[in-house]
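Trainee: based on what follows, work out the 3D shape:
(one chain, ligands or ions: 1)
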Amino acid sequence: MTAPGFVPGADGSTPPAPADLALPVAGRKLRTRDDGGLLRIADLPADTAWVPLGTLDGRPAWATEVPSAEDRPGRWRSWAGIAAELPEPLATLAGRALAVVTWRRTHRWCGACRAELADVPGESARRCPDCDLYVPMQLSAAVLVAITRPGPAGRPDELLLVRHAYGPTGLWALVAGFVDAGETLEAAVRREVGEEVGLTVDGLRYFGSQPWAMSGPGTLLVGFTARSVDAAAGPVVDGKELSEARFFPLDALPAELPPAYSISRWLIDATAPV
Ligand SMILES: [Zn+2]
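Mentor: Got it, this is the predicted structure:
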């Protein structure tokens with residue numbers, strides 16, 4: 001019996017078969033067929049070096065790094081382009097391909113003794129043959145939170161949305177930030193909310209998570225909902241990360257919301273059902 005969906009893995013004990021899935025990566029771009037589907041191992045030269053990614057509906061998937069997207073056939077697309085066009089779990093598989101290839105390129109040498117690291121069979125990890133340093137593929141956790149407060153009498157609740165000072169500045173997004181070492185996810189939410197908009201929240205509830213390959217390899221987004229403790233308190237932006245923050249009635253949210261494939265949007269949609 002084969003597992004449905006995408007199951008991440010690092011089993012390279014059996015060599016790739018011609019019909020296995022192939023995901024060539026160049027920089028932050030990934031190559032697909034002209035019709036948008038995934039390539040097969042047989043579509044690439046026989047001497048290609050493959051790295052295992054796991055299985056998609058039981059079929060093994062492999063990544064390889066190519067030096068440049070120029071002069072190569074097929075369509076080269078960003079992770080966001082794939083996530084926007086192809087159904088899950090293809091975006092998750094593509095994100096893992098980008099993460100694995102980028103991690104291997106940037107973790108070639110031992111950070112302690114400078115020897116060349118060796119792959120640990122069956123794991124997304126490398127080990128130093130000289131000093132035995134173990135180097136697992138790292139994951140950064142980032143939290144995001146949908147904060148609501150009661151609206152005026154007879155009106156729906158309100159949702160806090162923010163605009164960033166950099167990146168897609170026209171978008172109304174959620175308060176978000178990376179988790180620091182020694183911090184729980186919940187503490188990271190409270191700290192980010194305090195730093196970015198000067199509010200205090202309670203009723204923190206876990207919503208869900210999404211592997212995210214846009215803001216760098218190996219990021220896991222963790223979504224929460226929360227209530228603003230003081231319903232009368234307005235957000236105060238820090239002026240550095242954020243340019244604007246505002247509570248919107250749930251029946252009058254702005255049109256410029258995060259894309260449909262993002263957990264930000266899933267959180268917003270779940271907070272404000274249409
Ligand atoms: Zn070493």
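Trainee: and the contacts of the top helix by length along the chain?
Mentor: Using DSSP state H to define each element, the chain has its longest helix at helix 90-106. Helix 90-106 is contacted by residues 6, 8, 21, 23, 25, 28, 30, 38, 51, 53-54, 56, 61, 63-65, 79, 82-83, 86, 124, 137-138, 211-213, 217-218, 261 when judged by CB atoms under 8 Å, 6 or more residues apart in numbering. Quick note: C-beta positions are derived from backbone N, CA and C, even for glycine.
Trainee: show me which residues of the chain sit near the ion.
Mentor: Taking CB under 5 Å from the ion as the measure of proximity, the chain contacts the ion at 110, 112-113, 115, 128, 130-131, 133.
Trainee: just give me the residue right at the centre of the chain.
Mentor: Closest residue to the average C-alpha location of the chain: residue 212 at 0.6 Å, with CA atoms, centre = their mean.
Trainee: so it sits against residue 218, correct?
Mentor: No - counting by CB atoms under 8 Å, residue 212 sits too far from residue 218 to count as a contact (9.3 Å).
Trainee: pull out the buried members of the contacts of helix 90-106.
Mentor: The neighbour-count test (16 or more other CB atoms under 10 Å) marks 6, 8, 21, 23, 25, 28, 30, 38, 51, 53-54, 56, 61, 63-65, 79, 82-83, 86, 124, 137, 211-213, 217-218, 261 as buried among the contacts of helix 90-106.
Trainee: mind listing which of those are in strands?
Mentor: 6, 8, 21, 23, 25, 30, 51, 53-54, 56, 61, 63-65, 211-212 (DSSP state E).
Trainee: what number of residues lie near residue 93?
Mentor: 26 (other CB atoms under 10 Å).
Trainee: residues in contact with the nearest residue to it once chain neighbours are set aside?
Mentor: Spatial nearest neighbour of residue 93, chain neighbours left out: residue 6 (4.8 Å); criterion: CB to CB, 6 or more residues apart in numbering. Applying CB under 8 Å, 6+ apart, we find residue 6 in contact with 54-56, 61, 89-90, 92-93, 96.
Trainee: ok, now residue 16?
Mentor: 22, 41, 50, 60, 62.
Trainee: now it: closest residue in space that isn't a chain neighbour?
Mentor: Nearest non-adjacent residue to residue 16, counting by CB to CB, 6+ apart: residue 41, 4.5 Å away.
Trainee: what about the helices in the stretch 151-274 of the chain?
Mentor: In the stretch 151-274 of the chain, the segments counted as helices under DSSP state H, counting those that start in this stretch are 185-197, 263-271.
Trainee: hmm, who's touching the first one?
Mentor: Contacts of helix 185-197 with the rest of the structure, by CB under 8 Å, 6+ apart, involve 141, 143, 145, 147, 160, 162, 175-180, 183, 199-201, 204, 206, 222, 224, 226, 235-238, 241-242, 245.
Trainee: tell me the pLDDT at residue 213?
Mentor: Looking at residue 213, its pLDDT stands at 86.
Trainee: that one against residue 221, yeah?
Mentor: No - the pair residue 213 and residue 221 does not pass the contact test of CB under 8 Å, sitting 10.5 Å apart.
Trainee: what sits against the residue of the stretch 151-274 of the chain found nearest the ion?
Mentor: Residue nearest to the ion within the stretch 151-274 of the chain: residue 218 (21.6 Å; CB to the ion). By CB under 8 Å, 6+ apart, residue 218 lies in contact with 99, 102-103, 137-140.
Trainee: now render those as a markdown table, adding pLDDT.
Mentor: A markdown table is the format used below for the contacts of residue 218 (pLDDT from 0 to 100):
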| residue | pLDDT |
| --- | --- |
| 99 | 93 |
| 102 | 92 |
| 103 | 93 |
| 137 | 92 |
| 138 | 87 |
| 139 | 89 |
| 140 | 93 |
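Trainee: list only buried entries from those.
Mentor: Buried among the contacts of residue 218 by 16+ other CB under 10 Å: 99, 102-103, 137.
Trainee: state the pair within the residues you listed that is farthest apart.
Mentor: Farthest-apart pair in the buried ones among the contacts of residue 218 is 102 and 137; separation 9.8 Å (CB to CB).
Trainee: so what pLDDT did residue 70 get?
Mentor: 66.
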